[in-house]
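S.K.: What follows is a predicted protein model with its sequence.
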Amino acid sequence: MKNQFYVVFVLLTTTLSLAQEQVKDSILPVNLTEVILIGKPTQLNEKQVKPLASLDEYLQQSGRIDMIKRGSYAWEPMINNMATERTIVTIDGMRIFGACTDKMDPVTSYVEISNLSEATISSGQEGSCHGPTIGGSLDLKRLRSNQANLGWSGSLSSGFEFNNKQRILGGMVHYKDSSLYADANLTYRKADNYYAGNDKEIMYSQFQKMNASIVSGYKFQNKLIEGSVIFDEANDVGYPALPMDISLARALITSFKYEVVPKSGLINHWENKLYYNTITHFMDDSKRPDVPIRMDMPGWSDTYGFYSKGKATINKHHMQFNLNGFYNRSIAEMTMYPNDPNENTMFMYTWPDVRTLYNGIYLEDELEFSCHNSLKLNGSFGYHQNKVANEFGLESLQIFYPEMADQQNRLLKSISLQYKHQINNWNFSVGSGYGERAPSVTEGYAFYIFNSFDLFDYIGNPNLSNEKSIEGSFDVWFKNEKIKTGITFSAFHLLDYIIGIPDNNILPMTIGASGVKIYNQLSYANLMHSSFQFDYRLTDYLTWNNKLQYSYGKDSEERNLPFISPLQYQSQVQYKKNLFQTEINVRGNATQTNYSPYYGENSTPDYAILNFSAGYNFKWTSQKLLVNAGVENIFDKYYSTFTDWNNIPRMGRNVFINLSYAIGN
């Protein structure tokens with residue numbers, strides 16, 4: 001299998017080189033980057049069947065994203081079946097790092113759909129414009145009214161979901177004149193425990209959160225300055241799949257941007273940004289009735305960053321650059337309180353105040369041969385440094401690594417090629433690439449972090465090498481007035497694959513743990529992700545959309561990798577006419593047969609659920625009232641999926657209603 005991936009890489013590279021023989025000057029209208037539209041000042045949410053859905057639900061629309069669920073809140077996005085160690089999630093290009101050792105706070109949990117206009121998903125090295133990655137990137141783009149009509153506008157939203165009694169309240173205000181624009185929004189959500197199929201209550205699945213966002217910009221001549229703030233706070237968040245909950249998850253995300261559109265010269269767009277974000281996260285088990293020993297586990301993450309990116313066009317070359325960097329401080333603690341008051345508490349650092357510095361440059365050149373052909377080459381080079389700043393934490397890790405230094409320096413590289421071809425109604429794309437990543441803070445410096453999925457304590461390894469990836473991909477799409485159909489395929493051969501390996505010489509610290517795993521490296525692992533889409537417009541008002549996904553993953557010992565998708569399917573029929581829309585859809589999985597007992601996984605059975613929704617948009621001059629309602633999981637199916645941590649069941653039958661009142665231009 002390893003040799004086959006090398007052969008694919010060589011063949012793809014050769015094909016791309018031969019493609020350069022055609023030379024004509026034109027603009028190629030082919031862009032295969034996947035974009036999920038969420039909301040715009042023009043009220044794109046009017047086209048959604050559930051406008052007040054969570055961001056997690058929106059992201060599941062993608063053919064490349066799956067969500068690891070540990071509760072009803074803050075799901076972890078996977079791109080190409082790779083979790084957040086191997087991918088990058090940014091907000092408007094800003095790097096943000098969670099403060100939870102158990103991944104209870106992915107970056108996606110600190111924004112709301114009211115903040116966002118779209119989510120851009122890039123596969124593999126196509127996503128390296130934001131930094132070193134293996135699986136790809138997800139960039140969440142903020143909502144701005146700088147392209148809206150002049151004047152004031154605003155909206156009020158309210159929603160209710162009957163299953164978990166989720167209450168949703170929100171409001172937005174937009175303003176724009178000839179030089180100034182401003183956007184502000186506020187969203188509040190509160191939910192009780194939800195019920196799985198057959199009316200089974202899932203304890204500790206409640207949550208509440210508040211999210212506020214402000215973006216304001218000023219234009220003068222060909223320049224723009226913009227400042228933005230996001231404040232997000234969640235309290236009393238239950239995680240039924242984990243042994244602990246969250247008492248507080250708070251984020252402050254700020255940025256200042258300076259943008260120029262030069263009137264002459266090589267560069268036709270130049271954007272510069274300084275940003276800062278801080279995350280505070282408190283895990284506790286105070287609401288759990290029976291625990292062997294009480295624990296508090298707070299964590300903090302602070303990130304300072306910048307980027308300077310631009311675009312230039314020279315003849316047939318469309319070029320981009322991105323000079324970017326960040327400095328992050330990650331620290332996490334654990335305090336254990338014995339049941340016997342005469343015993344002393346025990347304290348340790350689970351992340352020993354790790355400081356990460358990265359500076360890199362990304363370059364891209366897309367060469368257009370004709371209106372039908374283009375070749376894109378991109379590459380990046382970066383310097384990555386980790387430093388353990390806490391002496392006590394360093395000494396703890398030196399128990400296992402006596403020669404360990406407090407600092408580790410790395411060079412990270414990537415390169416990729418993509419050839420695009422369009423003929424009549426067909427679009428083709430083929431690509432190959434190579435990338436590297438550094439170990440995450442957990443992989444390099446974890447100290448007895450308990451994983452409730454496989455029941456092992458984990459210890460980091462600061463001596464890990466860079467993980468490398470060789471990838472190949474292709475897309476084939478056909479589109480006319482009635483049909484849109486296509487296939488996407490990506491394959492990854494990961495060298496020096498980082499994974500936890502059991503060490504029988506070390507005793508676990510967590511009561512009930514099966515043992516200790518130390519992060520180590522296998523010689524390689526192989527992953528493949530594929531999807532098929534078929535959309536058909538039956539009439540001017542009626543469409544039928546279908547999607548199939550399948551993935552494959554094995555390590556060098558021929559063991560299945562965890563969280564690899566079995567066959568997934570979705571099919572929906574949607575009717576839209578004038579101000580009315582309705583939709584019925586079915587989605588499900590085949591039985592998960594290629595599961596991984598070695599990595600703590602078991603099989604999940606097949607399932608299928610049916611959903612229905614309808615909406616109507618009432619309009620009066622400058623006012624609108626949007627009403628959406630529906631039923632999810634109509635037949636109250638009890639089920640869990642391959643991404644549900646410890647087989648936590650998903651929500652049963654759920655009736656929802658969303659109301660949105662808008663006024664203004």
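M.R.: Happy to help now that I have it.
S.K.: Just list whatever residues bridge to the closest residue to residue 544 other than its chain neighbours.
M.R.: Take residue 544 and drop its neighbours on the chain: the residue closest to it by C-beta to C-beta, 6 or more residues apart in numbering is residue 536, 4.8 Å away. Using the backbone N, CA and C atoms, a C-beta is placed for each residue, glycine as well. Counting by DSSP bridges, residue 536 is bridged to residue 483, residue 544.
S.K.: Residue 536: neighbour count?
M.R.: When neighbours are counted by other C-beta atoms under 10 Å, residue 536 registers 14.
S.K.: Please apply the same query to residue 651.
M.R.: 21.
S.K.: Would you confirm that it contacts residue 632?
M.R.: Yes. Assessed by C-beta atoms under 8 Å, residue 651 is found in contact with residue 632 at 7.2 Å.
S.K.: List the buried residues for stretch 282-301?
M.R.: Neighbour counts using 16 or more other C-beta atoms under 10 Å place 282, 283, 284, 285, 295, 296, 297, 298, 299, 300, 301 of stretch 282-301 among the buried residues.
S.K.: What's opposite the second one in the beta bridge?
M.R.: Put plainly, it is residue 283. On the basis of DSSP bridges, residue 283 is bridged to residue 246, residue 297.
S.K.: how much space between it and residue 648?
M.R.: 17 Å (C-beta to C-beta, to the nearest Å).
S.K.: same thing with the third one?
M.R.: From residue 284 across to residue 648, the span is 20 Å (C-beta to C-beta).
S.K.: The fourth one now?
M.R.: Relative to residue 648, residue 285 is positioned 17 Å away (C-beta to C-beta).
S.K.: can you tell me how far the nearest residue to residue 496 once chain neighbours are set aside sits from residue 181?
M.R.: Excluding the flanking residues, the one nearest residue 496 by C-beta to C-beta, 6+ apart is residue 521, at 4.6 Å. As for residue 521, its distance to residue 181 is 49 Å (criterion: C-beta to C-beta).
S.K.: Residue 86 too?
M.R.: 37 Å.
S.K.: ditto for residue 145
M.R.: 5 Å.
S.K.: hey, what's in contact with both of those two?
M.R.: Here residue 145 and residue 181 share the contacting residues 174, 175, scored by C-beta atoms under 8 Å, 6 or more residues apart in numbering.
S.K.: Neighbours of residue 523, how many?
M.R.: Residues contacting residue 523 under the criterion other C-beta under 10 Å number 12.
S.K.: Remind me what the helix or strand hosting it packs against, helices and strands.
M.R.: Per DSSP states H and E: residue 523 is located in strand 515-537. Other helices and strands packing on strand 515-537, by 3 or more C-beta pairs under 8 Å, 6 or more residues apart in numbering; DSSP states H and E, are helix 2-18, helix 441-445, strand 456-459, strand 483-502, strand 542-555.
S.K.: Any buried residues in it, and which?
M.R.: Buried residues in strand 515-537, counted by 16+ other C-beta under 10 Å: 516-522, 524-535.
S.K.: can you list the weak-confidence ranges in the stretch 101-250 of the chain?
M.R.: Along the stretch 101-250 of the chain, the model assigns pLDDT under 70 to residues 146-148.
S.K.: Strands of that one, residue ranges please.
M.R.: Remark: strands assigned in the stretch 101-250 of the chain by DSSP state E, counting those that start in this stretch are 116-123, 136-142, 151-161, 166-176, 180-191, 195-196, 200-201, 207-220, 223-237, 245-260.
S.K.: most tightly surrounded among the ones you listed?
M.R.: strand 136-142 (a mean of 23; mean count of other C-beta atoms under 10 Å).
S.K.: which secondary structure elements does it contact?
M.R.: The contact analysis (3+ C-beta pairs under 8 Å, 6+ apart) places strand 136-142 against strand 76-79, strand 87-91, strand 116-123.
S.K.: quick revisit: and of the strands of the stretch 101-250 of the chain, who's closest to residue 384?
M.R.: Counting by C-beta to C-beta, residue 384 lies closest to strand 136-142 out of the strands of the stretch 101-250 of the chain; the figure is 16.7 Å.
S.K.: what comes into contact with that closest one?
M.R.: Contacts for strand 136-142 (C-beta under 8 Å, 6+ apart): 55, 59, 64-65, 77, 79-80, 82, 87-93, 107-108, 111, 115-124, 126-131, 213, 215, 228.
S.K.: Report the beta-bridge partner residues of the closest residue to residue 226 other than its chain neighbours.
M.R.: Nearest non-adjacent residue to residue 226, counting by C-beta to C-beta, 6+ apart: residue 217, 3.6 Å away. Counting by DSSP bridges, residue 217 is bridged to residue 181, residue 226.
S.K.: Please give me every residue in contact with residue 217.
M.R.: 144, 146, 180, 181, 182, 224, 225, 226, 227, 257.
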